[in-house]
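Trainee: Show me how the following folds:
(chains A and B)
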Amino acid sequence: MDKDGRKAIKKAAARKYSKVTANRLGVFFVVILLAFVGLGVRLFFITRENNDEYTQRILSQSVYNSQPIPARRGDIIDANGTVLAASVENYNLILDTAQILKADESTENHEFAIQTVKAISDLYGLDANEIRKYMDDNPESHYKILKKGVTVEEKARFTVLQDKARAAKASGDYSDTIYQYLTGITFEKYYVRNYPQGSLACDTIGFSRSVGQASYGLEEYYNDILTGTSGRKYGFLSDENNSEVTTIPAVDGNTIILTLDANVQMMVENRIREYAEEYKDNARPGWGANNVGCIVMRADSGEILAMASFPNYDLNDPTDVSILYTDADVARMEEEGTLRDAYDALWKNFCIADTYEPGSVMKPFTVAMGLETGKISGNETYNCTGSLTIADHEIHCHNIYGDGLLNVQGAVAQSCNVALMYMSQAIGRDIFLRYQNIFNLGLKTNIDLAGEARTAELVFTKETLGESELATSSFGQGFNVTMIQMAAGYAALVNGGYYYEPHVVSKILSSGGTVVDNIEPRLIKQVVSDSTSKKILQYCNAVVDEGTGWRAKPAGYKIGGKTGTAETLPRGNGEYVVSFISHAPADDPKIICYVVIDRPNVSVQEDAKYATILSKQILTDILPYLGIPMTEELTEEDKQELSEMDLSILTNREGYRKDEAGNGEANAPDPTIDFDAADTQAEEGDHIP
Amino acid sequence: MAEKKTVKNKRYFDFSLLFITMFIIAFGLVMVYSASSYDAALSFDGDSTYYLRRQIYSVIAGCALMAVTMFFPYKLYKKFYWVGILFSAFMILLIIPLGYEANDAKRWIRFGSLSIQPAEICKPAAIIFVSTLLAKMSPKVREKWKGFWFPMVPVGILCLMVLIITKNLSSAIIIGGIGLLIVWIGAKKNIWPPIATLAMLLFALSIVMFLKFGKVPDGLGFRLERVLAWLDPEKYYEGKGYQILQSLYGIGSGGIFGKHLGKSMQKMGFLSEAKNDMIFSVICEELGLVGGFSVIAMYVLLLWKIRDVSLYCKDYFGNLLITGIFAHIAIQVVMNIAVATNIMPNTGVSLPFISYGGSSLMILMAEMGIVFNIGRYAKFAEEEPDDEEETPEAD
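Mentor: Numbers count the residues shown, from 1 in each chain, chains lettered A, B, ... in the order given. Purely as a prediction, here's the structure:
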């Protein structure tokens, strides 16, 4: 082939492959086109699915400066308007060094820095040299907390100074002030929780030590309602790179109004403390009992009037456990890691969180079961020989010599275990278990307090309730209850059979004072008929009239009730929980008062008198206060006794008035509170150790 | 002779392609200004046009470069094909002593205030190198194994250099991808490019599957964390997932019509590389889906017109060059948008003609000049009198 021909063939080949390449490039173009379609679909879905969400995210991250505005935690106020918990406005003193230095660019001798530092160091007792040193070291700082816990008045002093300086500058008349150059100081508001009544009703109220967090009692249970919503001040860059500020105001928390009466509470607490002090270091070192608890509630609504226990603690300083431990003890427990448990034991509410065997206080419940189901008529007679053998166990009566012949009323009045065991045999397991449930034993009462114990595993079930268990259960041994369960159940037994959910809060108010929610008494069920209730009332009145509860009768009143003396585990250790549950007045119960003394500090604990005497003292104080008229003639003996008794109703009312006067400035800061101890609401993450 | 001259005067020039190119570049300037003004004002004491000005200088330099390549006969590249690839290899090696570091990787060489990214120079060098070798081969060799490895091994070495020296995976992928596509499209019956592509895709897929379902080893490298962040950007928000999420926030928040030009919030410090690799996200945020689709449409039009030139071009070498340039632009556009929408792991790929960056822009404009030049000879070649008469296609 000649050269030209070869060239021509080559050229032809080049043209051919050129065309093929162009075609294949066309195919590739289609592939790329499909890829673009895929990308387009992806774009479409990103936009469609996430438009709002991503817009939000961008807005939230575009904020360059945001300051929280604290919400004021709502107050806790008792039935009479006494403030039990309040939030007090406090301020952090903030130094903006950069602002001061910027302002000083226009002055000759750093007047802004000199005068501002002088003013705040004079007003707030700060070290001027230290502040100047900080400013020299951190010229760009915008935020330095110089002092925490500045009160409203203290803050006002600086504001006044600033206003005067401004006015002087405007008018040129400096006669009123020595300051002309003040800037770069701001006050950051926060709230501190304050409990004006100190330890009063501490277990019931609980405490809050940082924003939005609360422990125990009402504070924890109603935390969401009390907390409110903090607001925020946003600074962000607008379209033109200008900074703009938007404020979302804080929504202050709601205030809760209690059914609890601070006066009743105080009377109860004083009596309990008297008891604890009276028997202090009696048979063993320590207070008059491991725990003393008392619930006072309205019989026909479940409203709690007082709920107290001892030992207690100061809500303003909950980690002060000096009531139980020395500093050395605390140090040791901290080392051992048991301090938290010790705190918990002190802070928890004995009346709802501790479980124990109720003892004979259970007897009216057992009798009510029998009467209600017709298994006993009330006309039976039992012969107590001091013990009864059930399933090969010899179970003793508390009176080992035997109570002899007893009718039902006598069995309750004398608190005869043998008679009750006979009754339980008549009642049988199924009915007992059914009524255990009806009386809410093993179930929570759902009282509006945090920390109510769960007792479902602490009562008998179909599987565990044998013959002997049934027998001991009839007089309240073998299963566990909480005080609030017994009080609520007993109230239903004597008020005609109506079981009310116990509650502490009656009303929720907005921060502006309008009623957000009215909490009405909540009737859950009728546990026994009116006639059964009448009979139980009669038997329980006999307990005080002629039976084991005779010491509980307050002068001038007729009451009823039931004693309880429960042996603790392990059996035979000589340790008892003694208690007395009572209603007043006897024939038309208005008030239920339940006193439990956990292991009285005496050598022979097996005596309900400690509880009945304490009950009597409490009832003597509170019944007149609650406006329940005396129905009995006062004998000379009674008069004598009344005048001898330290009538805490009188002395305490005086003391209370003093507190009330103090309440007038409840919002004013309490100078005794140590803010530097850091229990401030503004600080997050400030937990209880 | 006379006939030849008249034909020469009627040389084909695709004005619409030039218009589209310049339109995209102009649009790019607008977007670079929008995306960079905030950052520039912060970094350069209120000089919000700093990046815009630099980009305009690049456009001017790019125009000059495009004018040169537009009139430089493309067939001459065939004679000096080795110059480009050796020069780019040399430039990459130069990074070792002279390079300066940014974002944990040395990618640039500085001459005074001018910085050059050698990886960009590799792209046209690879296009010319592979095209020349393929065009010089006899058709039979071209379809064989040799037709694949002969051009691809040097390109592969170049890729490895880019990968190892500059730690720039995306550029390595683009350079390798360009070479592969030229062979794939240019050598019709060569089975190796699809096999190689498939092998690499399987390799990538196995890594992803391993990371997704297997136990992730500790002490992951720079690259693997990006893959993890791609699989679950929320989890790696503090690290490699941040940029991806910011990009998605930008795209998602734009809606259909966007927040209007200049009103992106993401460019204010949240979207790093807003003017560069992530400019598509800013476009979508400001101009919405409509803007994003329009940009894609502009590229479709551009690629369509480039491919059009190949139809008129009767020269195999010329068409290979067009294929390479087409592949270069197409790969980068698809990769860039895929990264911005989190379809693939985050590798720094710029959006051709739009992203800020002088090296890339000038190289791309020079490549467009080559396309125009091929177009000029295309008509000429068709009218060439000593041409053989049309031979019917055998296949």
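Trainee: What number of residues are in the vicinity of the residue in chain B positioned nearest to chain A?
Mentor: Chain A sits closest to B:G252 of chain B, with a gap of 3.4 Å, by CB to the nearest CB. Using the backbone N, CA and C atoms, a C-beta is placed for each residue, glycine as well. In terms of burial, B:G252 registers 25 neighbours under the definition other CB atoms under 10 Å in any protein chain shown.
Trainee: now do B:C313
Mentor: One way to gauge burial is a neighbour count; for B:C313, by other CB under 10 Å, it gives 29.
Trainee: contacting residues for B:G288?
Mentor: A:T47, B:G254, B:G255, B:I256, B:F257, B:G258, B:K259 (CB atoms under 8 Å, 6 or more residues apart in numbering or on different chains).
Trainee: doesn't A:L43 make contact with the fourth one?
Mentor: No - here B:I256 lies out of contact with A:L43, judged by CB atoms under 8 Å, at a distance of 10.9 Å.
Trainee: more neighbours, the two?
Mentor: A:L43 (23 against 14).
Trainee: Leaving out the residues flanking it, which one is nearest to that one?
Mentor: On the basis of CB to CB, 6 or more residues apart in numbering or on different chains, the spatially nearest residue to A:L43 that is not a chain neighbour turns out to be B:G292, at 5.2 Å.
Trainee: So the one you found lies in a strand, does it not?
Mentor: No - membership of B:G292 in a strand is not supported by DSSP: H, G, I helix; E, B strand; the rest coil, which gives helix.
Trainee: picking up where we left off before, so how far is the host helix or strand of the residue of chain B closest to chain A from its chain's centroid?
Mentor: B:G252 is located in helix B:241-254, with elements delineated by DSSP states H and E. With CA atoms, centre = their mean, to the nearest Å as the basis, helix B:241-254 stands 23 Å off its chain's centre.
Trainee: tell me what that helix is packed against?
Mentor: Contacting helix B:241-254 under the criterion 3 or more CB pairs under 8 Å, 6 or more residues apart in numbering or on different chains; DSSP states H and E are the following elements: helix A:3-62, helix B:222-231, helix B:279-312, helix B:316-340.
Trainee: Run the angle between that helix and helix A:3-62 for me.
Mentor: Angle, helix B:241-254 to helix A:3-62, by axes from the mean of the first three to the mean of the last three CA atoms, to 10 degrees: 80 degrees.
Trainee: Pull out the buried residues from helix B:241-254.
Mentor: Within helix B:241-254, the residues that count as buried by 16 or more other CB atoms under 10 Å in any protein chain shown are B:241-254.
Trainee: Next: stretch A:433-441.
Mentor: Neighbour counts using 16+ other CB under 10 Å place A:L433, A:Y435, A:Q436, A:I438, A:F439, A:N440, A:L441 of stretch A:433-441 among the buried residues.
Trainee: Looking at those residues, which is nearest A:L34?
Mentor: Relative to A:L34, the closest of those is A:N440; by CB to CB it sits at 70.8 Å.
Trainee: Which residues lie in contact with the closest one in this structure?
Mentor: By CB under 8 Å, 6+ apart, A:N440 lies in contact with A:Q485, A:A488, A:G489, A:Y499, A:I524.
Trainee: As a markdown table, the residues you listed with neighbour count and secondary structure would be great.
Mentor: As requested, the contacts of A:N440 are exported to a markdown table (neighbours: other CB atoms under 10 Å in any protein chain shown; DSSP: H, G, I helix; E, B strand; the rest coil):
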| residue | neighbour count | secondary structure |
| --- | --- | --- |
| A:Q485 | 26 | helix |
| A:A488 | 27 | helix |
| A:G489 | 25 | helix |
| A:Y499 | 23 | strand |
| A:I524 | 15 | strand |
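Trainee: want to throw the buried residues of helix B:241-254 into JSON lines with distance to A:S511 and pLDDT?
Mentor: Shown next, in JSON lines, are the buried residues of helix B:241-254 (distance: CB to CB, whole Å; pLDDT from 0 to 100):
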{"residue": "B:G241", "distance to A:S511": "42", "pLDDT": "80"}
{"residue": "B:Y242", "distance to A:S511": "41", "pLDDT": "82"}
{"residue": "B:Q243", "distance to A:S511": "45", "pLDDT": "84"}
{"residue": "B:I244", "distance to A:S511": "44", "pLDDT": "86"}
{"residue": "B:L245", "distance to A:S511": "39", "pLDDT": "86"}
{"residue": "B:Q246", "distance to A:S511": "40", "pLDDT": "87"}
{"residue": "B:S247", "distance to A:S511": "44", "pLDDT": "89"}
{"residue": "B:L248", "distance to A:S511": "41", "pLDDT": "89"}
{"residue": "B:Y249", "distance to A:S511": "37", "pLDDT": "87"}
{"residue": "B:G250", "distance to A:S511": "41", "pLDDT": "88"}
{"residue": "B:I251", "distance to A:S511": "43", "pLDDT": "90"}
{"residue": "B:G252", "distance to A:S511": "39", "pLDDT": "88"}
{"residue": "B:S253", "distance to A:S511": "36", "pLDDT": "85"}
{"residue": "B:G254", "distance to A:S511": "41", "pLDDT": "86"}
